[in-house]
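> Pasting the sequence and the predicted model now:
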Amino acid sequence: MDRAELANVLKAARARLMPEEVGLPAGPRRRVAGLRREEVAQLAGLSVDYVVRLEQGRGPQPSTQVLTSLTQALRLERDERDQVFRLAGSAPPLAGRIETTIRPSVLRLLQRLTDLPALVQSAKGDVLAQNAMSKALLGDLGRWPEGRRNVIWQRFLGDGTKHVALNPQEDERAAQQAVGLLRTAVSRYPRDPDLLRLIEELIAGSERFWSMWEERRSTLSRSMTKTIEHPEAGRLTLDCDTLLLPDTDQSMIVYSAAAGTDAAAALDELRATTGGQATGELVLAVPAGHRDDGHRRD
């Protein structure tokens, strides 16, 4: 990691970017060229102190999540982004790879969804983040072992989804959608090694997956109804809506229930168990140990 040159590059990029280019007011008393550090921190979802330390060449090695947030906030082109990654001692994102880094704006949206369970998945079903209500409903998915934080792997080879889709019709529909999602992913990312490894493991380990895979159906995530057996709230039938994030090929899954139903009352009770947390976000794509990365956890 070249801290000094990384600091210079980040400061220069900040000075080139005008407030109006990122939707911020210029103001009559702006004393610096380009953006202020506080504005970069706001756009990237980082603490101001962390941005200051990076620009002074004394910060810790940033995680890939932080680097992606910074380069997106600074509107860097691909070559400039790759330079920042290399100066920070990290490999730049490869073309044709599935994106597992969440945009700061999406994390902010997830953070503010305090009433409903929600999580973010990659194009191949990796669970990238979940809010506090999602943890209350589905459990802390961060406890799944690294490399197994994938809903499709858990459905066919693990037991992480044992409380989801208990109804046989729901289970069959969800399984077919999961396989179709991987068919779609491999058509878009035919050289992604993690995707190919996941498919090979599923074919070798699950006869059910192999049988569905041979049907060669492709699909995108669809909204559906899911039945969840919660250890305290009991059996809940919830609407499960999929919100697509097209620029990263990710999706946000949101669970809800019609007002006045038993399921809605159960969600209200689960909300009380979160202790009024405004967040609970869990960024699973960040490797273990990369915790001093400047992301807010309030």
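Here it is on my side, so go on.
> Give me the below-cutoff pLDDT ranges for the stretch 51-200 of the chain.
94, 160-167 (pLDDT under 70).
> Apply 90 and report the result again.
51, 55-84, 86, 89-97, 99-115, 129-133, 135-149, 158-177, 184, 186-191 (pLDDT under 90).
> Which stretches in the stretch 101-250 of the chain count as strands?
118-121, 127-130, 224-230, 234-245, 250-256 (DSSP state E, counting those that start in this stretch).
> Dump these to CSV, plus mean neighbour count and distance to residue 203.
Where you see a C-beta, it was placed from the backbone N, CA and C, and this is true even at glycine. Listed next are the strands of the stretch 101-250 of the chain as CSV, based on neighbours: other C-beta atoms under 10 Å; distance: least, C-beta to C-beta, whole Å:
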stretch, mean neighbour count, distance to residue 203
strand 118-121, 26, 21
strand 127-130, 26, 22
strand 224-230, 17, 25
strand 234-245, 16, 25
strand 250-256, 21, 24
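> Geometrically speaking, which residue is the centre of the protein?
The residue lying closest to the centre of the chain (C-alpha atoms, centre = their mean) is residue 128, at 3.5 Å.
> Skipping adjacent residues, who's closest to residue 194 in space?
residue 98 (7.0 Å; C-beta to C-beta, 6 or more residues apart in numbering).
> per-residue confidence for residue 285?
Listed pLDDT for residue 285 reads 40.
> er, residue 288 actually
You'll see residue 288 listed with a pLDDT of 30.
> Find the residue closest to the residue nearest to the centre of the chain in space, skipping its chain neighbours.
The nearest residue in space to residue 128 (C-beta to C-beta, 6+ apart) is residue 120, at 4.7 Å.
> Residue 72 is in what secondary structure piece?
helix 64-73 (DSSP states H and E).
> Packing partners of that helix?
helix 37-44, helix 78-87, helix 104-112 (3 or more C-beta pairs under 8 Å, 6 or more residues apart in numbering; DSSP states H and E).
> so which of these gets nearest residue 181?
For residue 181, the closest of these is helix 104-112, at 19.0 Å, according to C-beta to C-beta.
> could you check the angle strand 250-256 makes with the closest one?
10 degrees (axes from the mean of the first three to the mean of the last three C-alpha atoms, to 10 degrees).
> So which residues make contact with helix 104-112?
Identification of contacts with helix 104-112 by C-beta atoms under 8 Å, 6 or more residues apart in numbering yields 43-45, 69, 72-73, 118-120, 129-131, 245, 248, 250, 252, 278-279, 281, 283.
> just stretch 151-161 next, same as before
121, 124-125, 127, 141, 144, 148, 174-175, 178-179, 181-182, 198, 201-202, 205-206, 208-209.
> Now which of the residues you listed would you call buried?
Among these, those classed as buried by 16 or more other C-beta atoms under 10 Å are 121, 124-125, 127, 141, 144, 174-175, 178-179, 181-182, 198, 202, 206, 209.
> wait, which of the residues you listed is closest to residue 266?
Using C-beta to C-beta, those come closest to residue 266 at residue 141, 19.8 Å.
> ok, back up a step: including distance to residue 158, could the strands of the stretch 101-250 of the chain go into CSV?
Formatted as CSV, the strands of the stretch 101-250 of the chain follow (distance: least, C-beta to C-beta, whole Å):
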stretch, distance to residue 158
strand 118-121, 16
strand 127-130, 12
strand 224-230, 17
strand 234-245, 19
strand 250-256, 18
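> between those strands, which one is nearest to residue 58?
Nearest of those (C-beta to C-beta): strand 127-130, 28.7 Å.
> Tell me the helices and strands packed up against that closest one.
helix 104-112, strand 118-121.
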